[in-house]
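Colleague: Using only what follows, build the 3D model:
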Amino acid sequence: MLLAATEHIASVDDRMADVIEAVGPCGMTMRRGRYSALVRAIIGQQVSTAAARAINERVRLAAGGYVTAERLSGMADADLRACGLSRQKISYVRDLTDRVDSGSLRLERMSGLDDQAVVAALCEVKGVGAWTAEMFLMFVLGRPDVLPIGDLGIRQGFQRVYGLRKEPSAQRMRSLAQPWQPYRSVGSWYLWRALECDSK
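Modeller: Residues are numbered from 1 along each chain as shown. Okay, the predicted model is just below:
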């Protein structure tokens, strides 16, 4: 899918073709573990990448090596605080865990839902918004046609790649990315990489 997506985007968008040539093959990788991916997303909110990585690793070790709903439900709040989670993030993780344990959120059935239904279901969880749900679609479920217009890097990527004076509106981003369909997830990945190339 990645090669077909890259070839399609390059064939319909000259500016993106230049980015693809500069970056090289698409290196999107999928994350394993649907519950643990959401826990990582909650932990990563409003902290640096390094801090999020360190907290995630402490949680994983405290959970016995695997972050599952069953294991985290058996951990005390004090244990999670000792890993570096704030009280607010603990409440978010608890809400996610309770929903998974009760069966009201069936992560194993997400593959059978369309993108909008997945986003709607995940956004019912405290602390999970549209951005987290879209990252879940892209990097956990592997959905090929997601355009996370709320992401700062995506907005800045559009601005840089298309030489815009300011960050584009949602409508403008959708219009620019329309030719990429049905591979907007891959196009988004290249927008993120375009920013990294420019900073080197």
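Colleague: Residue 161: neighbour count?
Modeller: Around residue 161 there are 20 other residues, counting by other Cβ atoms under 10 Å. Every residue, glycine included, has its C-beta placed from N, CA and C.
Colleague: give the contact list for it.
Modeller: 15, 16, 19, 191, 194 (Cβ atoms under 8 Å, 6 or more residues apart in numbering).
Colleague: Same question for residue 47.
Modeller: Going by Cβ under 8 Å, 6+ apart, residue 47 touches residue 55.
Colleague: Go again with 6 Å.
Modeller: Counting by Cβ atoms under 6 Å, 6 or more residues apart in numbering, residue 47 touches no other residue.
Colleague: pLDDT score for it?
Modeller: The model reports residue 47 with a pLDDT of 83.
Colleague: Repeat that for residue 76.
Modeller: 95.
Colleague: Phi, psi for it please.
Modeller: Here the main-chain torsion angles of residue 76 (degrees, to the nearest 10) amount to phi -80, psi 160.
Colleague: Of the contacts of residue 161, which count as buried by neighbour count?
Modeller: For the contacts of residue 161, a burial check counting by 16 or more other Cβ atoms under 10 Å picks out 16, 19, 191, 194.
Colleague: Nearest to residue 183 among the residues you listed?
Modeller: For the buried ones among the contacts of residue 161, the residue nearest residue 183 by Cβ to Cβ is residue 16; the value is 10.6 Å.
Colleague: if I pick the closest one, what's in contact with it?
Modeller: residue 9.
Colleague: That one and residue 81, how far apart?
Modeller: Distance, residue 16 to residue 81, using Cβ to Cβ, to the nearest Å: 45 Å.
Colleague: sorry, back to before: with secondary structure added, can I get the contacts of residue 161 in TSV?
Modeller: Below are the contacts of residue 161 laid out as TSV (DSSP: H, G, I helix; E, B strand; the rest coil):
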residue	secondary structure
15	helix
16	helix
19	helix
191	helix
194	helix
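Colleague: Of all pairs in those residues, which one is the farthest apart?
Modeller: Across these (Cβ to Cβ), the longest gap, 10.6 Å, separates 15 and 191.
Colleague: quick check: domain ranges of the protein?
Modeller: 2-29+146-199, 34-139 (automatic domain parsing).
Colleague: Run the chain-centre distance for the last one.
Modeller: When you say that, I think you mean domain 34-139. Distance of domain 34-139 from the chain centroid (Cα atoms, centre = their mean, to the nearest Å) equals 12 Å.
Colleague: Ok, the first one next?
Modeller: For domain 2-29+146-199, the distance between its averaged C-alpha position and the chain's averaged C-alpha position is 16 Å (Cα atoms, centre = their mean).
Colleague: In the protein, which residue is most central in space?
Modeller: residue 135 (1.9 Å; Cα atoms, centre = their mean).
Colleague: Export the contacts of residue 161 as a markdown table, with columns for pLDDT.
Modeller: Listed next are those as a markdown table, based on pLDDT from 0 to 100:
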| residue | pLDDT |
| --- | --- |
| 15 | 96 |
| 16 | 97 |
| 19 | 96 |
| 191 | 96 |
| 194 | 92 |
